[in-house]
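In: got a predicted structure plus its sequence, pasted below:
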Amino acid sequence: MSKSEKRHFKLSGNVQLNKSPKAYIKLFDVLEAQKEFNEALISKKLIDKDLSVNYQITKNYLKNALLKSLRIFHGHNSVTSILRSLLNEIEITLNRGQYAIGYGLIDKAKKIAYEYELFQYLIEIFDYEKLILNNKKYIINLKEIIQEEKNVIENLDNINNYKNLYYTLADFFTKVGVARKRTQLEAAKTIMKNPLLKNYKNIKLFRSKLYYLYTHALYNSIVGNNKMNVYWGGSIALFDSKPKMKLLLHAGYEAVLVKYISVSIDSRNIKEANLTTKKLEEHLKTYRIRNIRVPLHKIFAIKLKLCIIAGDFSGGLDLIDKNKPLSIILDQDKRNDIMIRLHLCIVYIASNKFEDALDWSEDILNDAFFENSRQDLQTLARIFNLIVHFELKNYLLLPSLIRNTRNFLETRGYLFDFEKKFLVILNKILQMKPDDNIKDIFKFIMAKMESINDPLERQFIEEWELLSWLESKISNRSFAEIIKSKKHKA
């Protein structure tokens, strides 16, 4: 909660006349003093006997009081809150027979609902309009209301159809990630064959346009096409063309900016990434005033990725140190945590901090939450884990880890040409004879890796700098040095 929200809550609590507020305000103070929530320590700090005995009751009371306070505090900042209040006022006035006031409120609510494409509220508003039909003072055409209702339902269906297409593809991406199988490619193409996704110019509604652009951007991400820049950029332009919708859907606008920055970084358009990052930071300042929590994990993820792309791993370490403890950042967006953790692995591997890299790779492998995350990222976590164990010279442990990794990938149908060759590398090195030259083995495997021509596999290998590690072993240069030299050439 922001300082303003806390102040409003405590002031509203202190003006209550019953005894309960005193207890829940005390509990709030105890909770607020904690940097991280720890319920076990709360009882030790509860000096008040009544509060200690009635802890569960007071906690529940506090939860409801907080929600009520936030609802009142933000009641005039949200369009949806204003609409809900108007609907309540319409119901009250009509029930009391105050049709003149109710009719005026209905007109006001309809204008807001149409302006922001909040068609779901219009269905309820039409029901209130029909209630006024019995009052002879107001000439209301039932046929017009019914036709208007049909049009609104069509608009709702249109938005939902586009939304469902996007979420179908998003669900696919959440499980698969970037396509590495022809079957995955075909599955994504099948979704995109829907006639709704053919012509952007025919779309009239803002939200439908938005989901159209989102879906195309996501599809291009799945197939590894740089056209996603066009669609994320188009989404930003659409938001900028409708300031009121940008205000209402501020979280969506923020997410689009982050996506655009990310793909700009991937395409090495650092200038565009930096410009859009400034735009995002300005946007966040606006919403900081409005008491919207600034998503630190997104800014951190962008800056960390920029360090990796530039080969600035010392800068990456400084960024990590400035944002410790990282748990505060990572807990904000569990769904996207795996990508940040993998980037942390790269920074630590490139900086020869292998123990730290091991901690983060193990963190991914041991967290049940990530078991159903993107398959390509799960694969990558296991590859990084093996690289780190190799660098730490855990040679006795590696054979069983290699077997487990192979079994994991085979079971999930994710043992591709690169993975097979990579696992062979490690096995060959572990089985080296005294007179074998390790560089020759790395050169042999490097040649095999470079012979992989499948564009889906090449994309995976190049995006995550997996050949750079092999090259570092051949050239006696650090992993960081190899990556940095490639960035300068680019």
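Out: Looks like it came in fine.

In: CA atoms for contacts and neighbours, from now on please.
Out: Noted.

In: show me what the lengthiest helix in the chain is packed against.
Out: When the chain is parsed with DSSP state H, its longest helix is helix 142-176. If contacts are counted by 3 or more C-alpha pairs under 8 Å, 6 or more residues apart in numbering; DSSP states H and E, helix 142-176 sits against helix 119-132, helix 182-192, helix 206-223, helix 375-391.

In: deepest of the ones you listed, which one?
Out: Burial of these is given as mean neighbour count (mean count of other C-alpha atoms under 10 Å); helix 206-223 ranks first at a mean of 22.

In: show me where the stretch 251-400 of the chain has helices.
Out: Secondary structure of the stretch 251-400 of the chain (DSSP state H, counting those that start in this stretch): helices at 270-289, 296-310, 313-322, 327-330, 337-350, 354-366, 375-391, 398-411.

In: dump the helices and strands packed on helix 142-176 into a markdown table; add mean pLDDT and distance to Asn407 as well.
Out: Shown next, in a markdown table, are the helices and strands packed on helix 142-176 (pLDDT from 0 to 100; distance: least, C-alpha to C-alpha, whole Å):
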| stretch | mean pLDDT | distance to Asn407 |
| --- | --- | --- |
| helix 119-132 | 92 | 49 |
| helix 182-192 | 94 | 21 |
| helix 206-223 | 96 | 25 |
| helix 375-391 | 92 | 12 |
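
In: residues in contact with Arg341?
Out: With contact set as C-alpha atoms under 8 Å, 6 or more residues apart in numbering, Arg341 has these partners: 360-361, 364.

In: could you rerun that using 7 Å?
Out: By C-alpha atoms under 7 Å, 6 or more residues apart in numbering, the contact set of Arg341 is Trp360.

In: from Val152, how far off is it?
Out: Taking C-alpha to C-alpha, to the nearest Å as the measure, Arg341 falls 45 Å from Val152.

In: what of Ser478?
Out: In terms of C-alpha to C-alpha, Ser478 sits 62 Å off from Val152.

In: likewise His250?
Out: 24 Å.

In: give me the residue ranges of the stretch 151-300 of the chain where confidence is low.
Out: 287-296 (pLDDT under 70).

In: how does it look with 80?
Out: Low-confidence segments of the stretch 151-300 of the chain (pLDDT under 80): 226, 284-298.

In: how about the stretch 351-490 of the chain?
Out: Ranges of the stretch 351-490 of the chain meeting pLDDT under 80: 368-372, 433-437, 462-463, 484-490.

In: most tightly surrounded among the helices of the stretch 251-400 of the chain?
Out: Counting by mean count of other C-alpha under 10 Å, helix 337-350 has the highest mean neighbour count of the helices of the stretch 251-400 of the chain, with a mean of 22.

In: now it, how far from the chain's geometric center?
Out: Distance of helix 337-350 from its chain centroid, counting by C-alpha atoms, centre = their mean, to the nearest Å, is 17 Å.

In: ok so, going back, between the helices and strands packed on helix 142-176, which one is nearest to Ala65?
Out: Proximity to Ala65 (C-alpha to C-alpha) singles out helix 119-132 among the helices and strands packed on helix 142-176, at 26.9 Å.

In: what comes into contact with stretch 112-132?
Out: Residues external to stretch 112-132 that are found in contact with it (C-alpha under 7 Å, 6+ apart): 106, 110, 145, 149, 152, 156, 245.

In: got CSV for those residues, with neighbour count and distance to Leu118 too?
Out: CSV is the format used below for these (neighbours: other C-alpha atoms under 10 Å; distance: C-alpha to C-alpha, whole Å):
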residue, neighbour count, distance to Leu118
Ile106, 21, 14
Lys110, 17, 9
Ile145, 15, 17
Glu149, 18, 13
Val152, 19, 10
Leu156, 18, 9
Met245, 18, 11
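
In: max pairwise distance over those: which two?
Out: Ile145 and Met245, at 26.1 Å, using C-alpha to C-alpha across those.

In: helix or strand: which one has Ser235?
Out: Secondary structure assignment for Ser235, by DSSP states H and E: helix 228-241.

In: what's the spacing between that helix and its chain's center?
Out: 18 Å.

In: so after it, what's the next helix or strand?
Out: With elements assigned by DSSP H and E, the helix or strand that comes after helix 228-241 is helix 243-248.

In: residues in contact with that next one: which ones?
Out: Applying C-alpha under 7 Å, 6+ apart, the contact partners of helix 243-248 are 79, 116, 239-240, 253.

In: what's the answer for stretch 197-214, then?
Out: By C-alpha under 7 Å, 6+ apart, the surrounding residues in contact with stretch 197-214 are 158-159, 162-163, 166, 231, 235.

In: same list (the residues you listed) but as TSV, adding neighbour count and distance to Ile309.
Out: Shown next, in TSV, are these (neighbours: other C-alpha under 10 Å; distance: C-alpha to C-alpha, whole Å):
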residue	neighbour count	distance to Ile309
Asn158	18	40
Ile159	21	38
Tyr162	23	34
Lys163	19	33
Tyr166	24	29
Tyr231	22	22
Ser235	24	25
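
In: which two among those are spaced furthest apart?
Out: Largest pairwise distance in the contacts of stretch 197-214, by C-alpha to C-alpha, is 20.0 Å, between Asn158 and Tyr231.

In: before we move on, the earlier item: looking at the helices and strands packed on helix 142-176, which is closest to Lys322?
Out: Taking those one by one with C-alpha to C-alpha, helix 375-391 is closest: 24.3 Å.

In: quick one: contacts for Leu396?
Out: Counting by C-alpha under 7 Å, 6+ apart, Leu396 has no contacts.

In: could you dump the helices and strands packed on helix 142-176 to CSV with distance to Lys298?
Out: Output for the helices and strands packed on helix 142-176, formatted as CSV (distance: least, C-alpha to C-alpha, whole Å):
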stretch, distance to Lys298
helix 119-132, 31
helix 182-192, 27
helix 206-223, 18
helix 375-391, 18
